[in-house]
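J.: Turn this into a model:
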Amino acid sequence: MIDTIINITLLAFLATTSVAIVRMTNLFAIVMLFGIFSLLSAGLFVVMDAPDVAFTEAAVGAGISTVLMLATLALTRNSSKTPYTEASPAHRPWLPLIVVAVTGAALVYGTWDIPSFGDPNAPAQTHVARYYIENSIVETGVPNMVTAVLASYRGFDTLGEVAVVYTAGVAVLLLIGGRRPKTAVKLKDKGEQDEA
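T.: Next up, the predicted model:
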């Protein structure tokens, strides 16, 4: 009974937050509401006995994504110095288009040998899934089978995925934080020279 009340409350908060995000015009408030939405989603995953998914949602959704969006807001201006005009040279992204087309074709080609969705004769259904269903609760003591697989059987794999997400977030933060406007640095140096 209490789980139902918590689920309904969290769902109501999620719906209210999403409506507020759609109706807001202030970008800072929207970023903050996105962080709150991710935190509420993480809470909902905890209630559903999926702490591994909740951890990922809290770290990536409420943590890294919010920091990246705030950093982006800090680096942008309210107005552009050089507005776009018809005389501006057009950007022709032929190389990115070719790379995307080749990558997409390789992905489509790679999916031809994959078993059909839900195929009971697929290797994952005939070997691994049966073992997890029969033994996961006994061997791990975790009531949620997905959590048992991700946190126990595939614990090192999950740790590696979290490390990759963390490293990507740090790399993006370094890229964003490493750029400083040259004019501000020049003006600061010029001001220091004028004082001397």
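J.: quick check: mean pLDDT across stretch 145-165?
T.: Here stretch 145-165 scores 80 as its mean pLDDT.
J.: C-alpha coordinates for that stretch, PDB please?
T.: Included here for stretch 145-165 are C-alpha records, laid out as PDB according to Å, rounded to 0.1, in the frame of the first residue of the first chain:
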ATOM      1  CA  MET A 145      16.600 -10.000 -11.300                       C
ATOM      2  CA  VAL A 146      17.900  -7.100 -13.400                       C
ATOM      3  CA  THR A 147      19.700  -5.600 -10.500                       C
ATOM      4  CA  ALA A 148      21.200  -9.000  -9.600                       C
ATOM      5  CA  VAL A 149      22.500  -9.400 -13.100                       C
ATOM      6  CA  LEU A 150      24.000  -5.900 -13.400                       C
ATOM      7  CA  ALA A 151      25.300  -5.500  -9.900                       C
ATOM      8  CA  SER A 152      26.500  -9.100  -9.100                       C
ATOM      9  CA  TYR A 153      27.000 -11.300 -12.200                       C
ATOM     10  CA  ARG A 154      28.100  -8.400 -14.400                       C
ATOM     11  CA  GLY A 155      29.500  -6.200 -11.600                       C
ATOM     12  CA  PHE A 156      32.800  -5.500 -13.300                       C
ATOM     13  CA  ASP A 157      31.100  -4.700 -16.600                       C
ATOM     14  CA  THR A 158      28.700  -2.200 -14.800                       C
ATOM     15  CA  LEU A 159      31.700  -0.700 -13.000                       C
ATOM     16  CA  GLY A 160      33.400  -0.300 -16.400                       C
ATOM     17  CA  GLU A 161      30.300   1.400 -17.900                       C
ATOM     18  CA  VAL A 162      30.100   3.800 -15.000                       C
ATOM     19  CA  ALA A 163      33.800   4.600 -15.400                       C
ATOM     20  CA  VAL A 164      33.300   5.300 -19.100                       C
ATOM     21  CA  VAL A 165      30.400   7.600 -18.500                       C
END
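J.: Just the buried positions in that stretch, please.
T.: 147-151, 153, 158 (16 or more other Cβ atoms under 10 Å). (Glycine included, C-beta is placed from N, CA and C.)
J.: Need the contact partners of that stretch.
T.: Here stretch 145-165 makes contact (Cβ atoms under 8 Å, 6 or more residues apart in numbering) with 49-53, 55-56, 59-60, 64, 132-133, 136-137, 139-140, 142.
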